[in-house]
Structures are given as structure tokens and as C-alpha cells.
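Undergrad: 3D model of this:
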Amino acid sequence: HPYMITNLCARNIIDSVLSVMNNQSSFKIQLKNGYKSYVIGYSQGGQTSLGTMRAVENYIPSGLKSTINLQKCYSGAGPHDLPATMESFLSKGPDGNGIVYPNLIYLVVKGIMSAGYKCMEGYKLEDFFTNEFLASGIKDGLDAKNINLGSKINEFLYFQDLNKLITPDLQNPNSKLHKDLKKALSYNSLASGWTVTKPVYVYHHKDDDMVPSVNIEKVKAGIAKGNNLVECKVVTDDTGKDPTNVFDFIHVRAAPEFYTSSGKDLIKSLYSKS
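TA: All right, here's what the predicted structure looks like:
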């Protein structure tokens with residue numbers, strides 16, 4: 001499915017849940033009276049979990065909403081504000097302050113281009129990415145879902161010079177291309193335009209090296225109306241991180257703690273006598 005398309009990802013989750021509920025015998029399960037549901041996810045799954053909460057609370061018919069009976073959302077390290085995420089990536093330029101992830105930028109742009117937004121009509125990948133990147137083999141490997149890109153991703157993972165990765169048009173905030181992409185990204189942002197009405201737990205490492213922590217700040221400022229949003233930071237140190245291993249990301253290391261933390265809270269709520 002198109003990467004980062006929030007409503008489509010949410011619909012995939014909702015349709016899957018309803019399918020299981022309507023075919024319980026096939027799955028050899030039986031829901032008990034008074035059942036409740038919860039949604040948990042990390043990274044793009046974090047975006048999808050929050051997007052699913054928004055969809056259930058705001059978009060689907062009340063009958064389906066009561067059928068699903070979604071109670072809580074746990075969202076870890078999600079790219080909830082895609083324009084802010086884009087700006088964070090583009091600010092990590094050739095001065096060497098930070099890291100740029102070509103695979104992530106490519107997947108996001110490709111997903112947005114395939115979503116059919118009017119503002120993206122007429123654009124090609126060549127408008128966004130340099131010939132050097134498009135010929136690197138990463139694009140073809142990602143398109144083929146080849147998980148064994150290995151040294152090829154290692155070679156292109158740390159782009160300190162954006163000029164080798166993306167076109168001047170994409171880097172220029174005043175260009176039509178840059179503005180059109182930002183508009184399309186804004187259609188899939190979760191950090192504003194709705195109000196949290198159920199408990200939502202949003203986690204993020206303050207030094208996340210893949211999904212910038214500006215996302216949790218945007219969520220906090222945009223949808224934390226009242227007391228239903230609880231913000232927790234997963235990890236605040238890099239103990240044990242191996243700087244010589246390009247695949248040893250803080251973003252990845254924080255995931256187990258997120259699931260452990262959210263899992264403990266979930267178990268408490270499931271078995272609480274109150």
C-alpha cells in the first residue's frame with residue numbers, strides 16, 4: 001500500500017479487525033461480552049495506531065465504532081507530523097549535523113506520489129531524486145522488497161550531502177515542487193485537526209535518529225486537549241549503542257522498551273478490578 005497514507009493504513013486495520021470479528025469461528029476464537037480493543041504500534045506502526053484511533057473516533061459510523069469498542073492507543077516513535085519530519089530531514093544538510101536516510105525519504109515520496117493527490121499530478125521520481133541515487137540500486141532493491149541490500153544500503157545510508165540525494169527543487173522551500181509535496185504530506189498528518197477523546201499514550205526517544213522527536217512535540221501541541229493524551233519518552237540515553245555499527249539505531253533500540261512499557265500498562269488495564 002502507499003507508504004505513510006494515514007487513512008488507508010487505518011482502514012486496513014479496521015477492515016482486518018471487522019473481518020476477524022465477523023468470522024470468529026474460522027479463527028477459532030469467541031469474543032466475550034464486554035470485550036474491549038486496543039491498538040499498539042511503533043514507527044510507521046505508531047503512525048498507523050494513532051491514525052486508527054482518529055478514524056474510529058471521527059470517521060466511521062457509530063455502529064462500527066461501538067462494535068470495535070476501541071479503548072486506548074499506544075503510539076511509539078511515529079511520524080505524526082509529516083511536513084515537520086520533512087523539514088527535519090532537509091535541515092540535515094552537507095554541514096554534517098545529523099543523518100539523512102535515503103531509503104525513508106524515497107519510500108515516503110513514492111507513497112505520496114501513488115496516492116493520487118491532485119497537487120502531485122505530473123511529477124516523476126526524477127523531479128525529486130538525483131540520478132546518482134536513482135542509479136545506486138537502493139530504489140530497485142526497495143521496490144523489490146529485497147531485505148538483503150546489505151552493503152549497498154551501508155554505502156548510501158549516511159548521506160551528509162543532500163546534493164547527492166535530492167534535487168535542488170526539493171531542497172528549495174520556495175519551489176512549487178517543495179510546496180506541493182508539503183501539501184500532500186499535510187493530508188496525512190495526525191498532529192492537528194482532531195481532538196483526543198480516549199486515552200492515548202505517545203512515546204518517543206528524545207534523540208531518535210530516524211523519526212525526529214519533533215513529532216511528539218507537534219502532537220502534544222496540536223491534539224492534547226484535556227487529559228486524554230499521556231506523553232512518555234521511551235529512552236533518554238544511548239547506553240550500549242555501537243557507533244561503528246551503522247544499523248545500531250536509537251530508533252530501533254527504543255522499540256523493545258516501548259512494547260514493554262505499553263504492554264505493562266495494557267495488562268494492568270485489562271486485569272484491573274476497577
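Undergrad: what ranges of the protein fall below the confidence cut-off?
TA: 1, 92-103, 147, 149-160, 225-240, 243-247, 272-274 (pLDDT under 70).
Undergrad: let's see 50
TA: 93-97, 273-274 (pLDDT under 50).
Undergrad: ok, longest helix in it?
TA: helix 250-271 (DSSP state H).
Undergrad: and it, what does it pack onto?
TA: Secondary-structure packing of helix 250-271 (3 or more Cβ pairs under 8 Å, 6 or more residues apart in numbering; DSSP states H and E): strand 37-42, strand 70-76, strand 200-203. For every residue, glycine as well, the C-beta is placed using N, CA and C.
Undergrad: can you tell which of those strands is closest to Leu8?
TA: Closest approach to Leu8 among these (Cβ to Cβ): strand 37-42, 14.9 Å.
Undergrad: Following element in sequence after the closest one, please.
TA: helix 44-58 (DSSP states H and E).
Undergrad: which residues touch that next one?
TA: 3-4, 6-7, 9-11, 13-14, 39-41, 65, 68, 70, 73-80, 190, 194, 196-198, 200, 202-203, 219 (Cβ atoms under 8 Å, 6 or more residues apart in numbering).
Undergrad: Dump that helix to PDB, keeping only the CA atoms.
TA: Presented in PDB, the C-alpha positions along helix 44-58 are these (Å, rounded to 0.1, in the frame of the first residue of the first chain):
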ATOM      1  CA  GLN A  44       5.100   3.600  10.900                       C
ATOM      2  CA  GLY A  45       3.000   1.300  13.100                       C
ATOM      3  CA  GLY A  46       2.900   4.200  15.600                       C
ATOM      4  CA  GLN A  47       1.500   6.500  13.000                       C
ATOM      5  CA  THR A  48      -1.000   3.800  12.000                       C
ATOM      6  CA  SER A  49      -2.100   3.200  15.500                       C
ATOM      7  CA  LEU A  50      -2.800   6.900  16.100                       C
ATOM      8  CA  GLY A  51      -4.400   7.100  12.700                       C
ATOM      9  CA  THR A  52      -6.700   4.200  13.500                       C
ATOM     10  CA  MET A  53      -7.700   5.900  16.800                       C
ATOM     11  CA  ARG A  54      -8.600   9.000  14.900                       C
ATOM     12  CA  ALA A  55     -10.500   7.100  12.200                       C
ATOM     13  CA  VAL A  56     -12.500   5.200  14.800                       C
ATOM     14  CA  GLU A  57     -13.300   8.300  16.800                       C
ATOM     15  CA  ASN A  58     -14.100  10.600  13.900                       C
END
